[in-house]
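K.L.:
Fold the following and give me the result.
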Amino acid sequence: MIDVQELVGRLVERGQTVAAAESLTGGLLTATLVTVPGVSRVLRGGLVVYATDLKHSLAGVDAALLAERGPVDPDVALALARGARERCGADWGLSTTGVAGPGPQDGVPAGTVYVALAGPDGQAEVRELHVDGERQHVRDTAVATVLSLLRTAVTDP
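P.N.:
Numbering: from 1, shown residues only. All right, here's what the predicted structure looks like:
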């Protein structure tokens, strides 16, 4: 698991902030960040957009994209990350969307996950995961992966 305290420290050093739009993880990503004392210096907030319509109304994901592809999609993940960044006024936006299980949702197999990062200067990355295991393991893996994306982004020159 990623060292969340170190990640928060890097954001503090850079004077940068982060926000999240979470579907699959239902607030777990933001809850993981707030385990670090002093995180208020970098965490702007988070949107729990579990329902598909909230992905549009709160995070600004294009309704046509959601209607065409559904909520578990790489472009939706990126739009969620951008929405978190813009709506919360943060330097970095993170997102999680997928199917935690135990069964499929709308034909998408359990364990299918997309996480995304959107940052300053147009940085953007989406990662597709196929995670075996229980629901909590799928959610924990999504959080670890998106935090790893952020750590890489704030560590690289």
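K.L.:
what about G107, neighbour count?
P.N.:
8 (other C-beta atoms under 10 Å). For every residue, glycine as well, the C-beta is placed using N, CA and C.
K.L.:
what does H56 give?
P.N.:
Residues lying near H56 (other C-beta under 10 Å) number 20.
K.L.:
Spatially, what comes nearest to it if we skip its sequence neighbours?
P.N.:
In space, and not counting its chain neighbours, H56 is closest to A63: 4.7 Å by C-beta to C-beta, 6 or more residues apart in numbering.
K.L.:
repeat for S95
P.N.:
Sequence neighbours aside, L80 is the residue nearest to S95 in space, at 3.5 Å (criterion: C-beta to C-beta, 6+ apart).
K.L.:
Wait, the one you found touches A116, no?
P.N.:
Yes: counting by C-beta atoms under 8 Å, L80 touches A116, with 6.6 Å between them.
K.L.:
So for those two, which residues contact both of them?
P.N.:
With contacts taken as C-beta atoms under 8 Å, 6 or more residues apart in numbering, L80 and A116 have S95 as neighbours in common.
K.L.:
neighbour count winner among these two?
P.N.:
Legend: neighbour count by other C-beta under 10 Å for L80 and A116, higher for L80 (31 against 26).
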